[in-house]
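In: Here is my input, please return the structure:
(one chain, ligands or ions: 1)
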Amino acid sequence: MANASIWTCPVCGNLLTETQKSFICEKRHCFDKAKSGYVNLLPVSRKHAKLPGDNAEMIRARRDFLHQNYYQHLQTAICKAIKTYMPENGILLDAGCGEGYYTKQICETISGECYGVDISKTAADFAARTDKISHYAVGSIFHLPVSDQSCDLLINIFAPYCETEFIRVLKSHAYFIMVIPSTRHLWELKAAVYDHPYENQVKDYPLEGFIFQEKISCEKRILLSHSQDIQNLFQMTPYAYRTGTKERERLQSLQNLEVQTSFEILIYQKER
Ligand SMILES: [Zn+2]
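Out: Presented below is the predicted three-dimensional model:
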């Protein structure tokens, strides 16, 4: 039994056909499915690090934090937006899906097929282990292993943006949803750790090739009552990379923290 898929061959670019254990293109390039079910479509030439993407420690921190449903309000808001913009039985791509926390819920919301791509093998493996309905691949957002004009909706949650690739894989006039942190997101966490915290910069909304539709704000104050949860949340932020000893000590001394979460869900439609 063979199934059509939106995945494309990273060697020749032809469409891949799914068989029981692998994906194969018409030139017979073959990619085996991992035991968990994902397929690795990241060519070795594009793999600049031994394990690209977020490291295992960051993925573990994010997984532990998200699975306590601290961001359930965001998950719910994203699914609501998708219900509004996703056509019946359409194809959705989650570009930069991480360990599939949002993807899995989205897949349970829609009537069509759900695909997730992440550059981290550890993340894709975890996603495929916990979500047996969506399709997961290891791949780069900047060279998506996805066929032209195959997606009815593309979602990008805190992941890198690639204009040319997103436009390429979306069908004509299809929707694109981008989720970003708002200016005051996690303000109390930053204020507790840094001498001079600063607000997040939010880019201009217009995007080349897309027509901006609407912005949905999603805000909630959350109470973190365990030191480990606070540290896990901090690990998920981009500032975790540039934190010194003093800041790390402050972070570790925090036993509980009430913090503002603040997201923007931006909806776009492909221009042509
Ligand atoms: Zn091929």
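In: Would you mind confirming that Ala123 is in contact with Gly53?
Out: Yes. Between Ala123 and Gly53 there is a contact at 6.5 Å, judged by Cβ atoms under 8 Å. Quick note: C-beta positions are derived from backbone N, CA and C, even for glycine.
In: Same drill for those two, tell me which one is more crowded.
Out: Ala123 (26 against 19; other Cβ atoms under 10 Å).
In: quick one: the more buried one from the ion, how far?
Out: 25 Å (Cβ to the ion, to the nearest Å).
In: State the mean pLDDT of the helix or strand hosting that residue.
Out: When elements are assigned from DSSP states H and E, Ala123 belongs to helix 121-130. Helix 121-130 comes out with an average pLDDT of 96.
In: So which elements touch it?
Out: helix 56-66, helix 101-109, strand 113-118, strand 135-138 (3 or more Cβ pairs under 8 Å, 6 or more residues apart in numbering; DSSP states H and E).
In: one more time with 7 Å, if that's ok
Out: helix 56-66, strand 135-138 (3 or more Cβ pairs under 7 Å, 6 or more residues apart in numbering; DSSP states H and E).
In: can you give me the offset of that helix from its chain's centre?
Out: Between the centre of helix 121-130 and the centre of its chain there are 12 Å (Cα atoms, centre = their mean, to the nearest Å).
In: remind me which residues of the stretch 1-150 of the chain are low pLDDT?
Out: Counting by pLDDT under 70, the stretch 1-150 of the chain shows low-confidence ranges at 1-3, 46-51.
In: Verify the contact between Val179 and Ile157 for me.
Out: Yes. Using Cβ atoms under 7 Å, Val179 is in contact with Ile157, at 4.3 Å.
In: follow-up on the earlier one: now the angle from the helix holding Ala123 to helix 56-66?
Out: Relative orientation of helix 121-130 versus helix 56-66 (axes from the mean of the first three to the mean of the last three Cα atoms, to 10 degrees): 40 degrees.
In: can I get the CA coordinates of helix 121-130 in CSV?
Out: What follows is helix 121-130, C-alpha atoms only, in CSV (Å, rounded to 0.1, in the frame of the first residue of the first chain):
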residue,chain,number,x,y,z
LYS,A,121,15.7,15.1,15.4
THR,A,122,15.1,14.9,19.1
ALA,A,123,12.1,17.2,18.8
ALA,A,124,10.6,15.3,15.7
ASP,A,125,11.2,12.0,17.5
PHE,A,126,9.3,13.1,20.6
ALA,A,127,6.5,14.6,18.5
ALA,A,128,6.1,11.4,16.5
ARG,A,129,6.1,9.3,19.7
THR,A,130,3.3,11.2,21.3
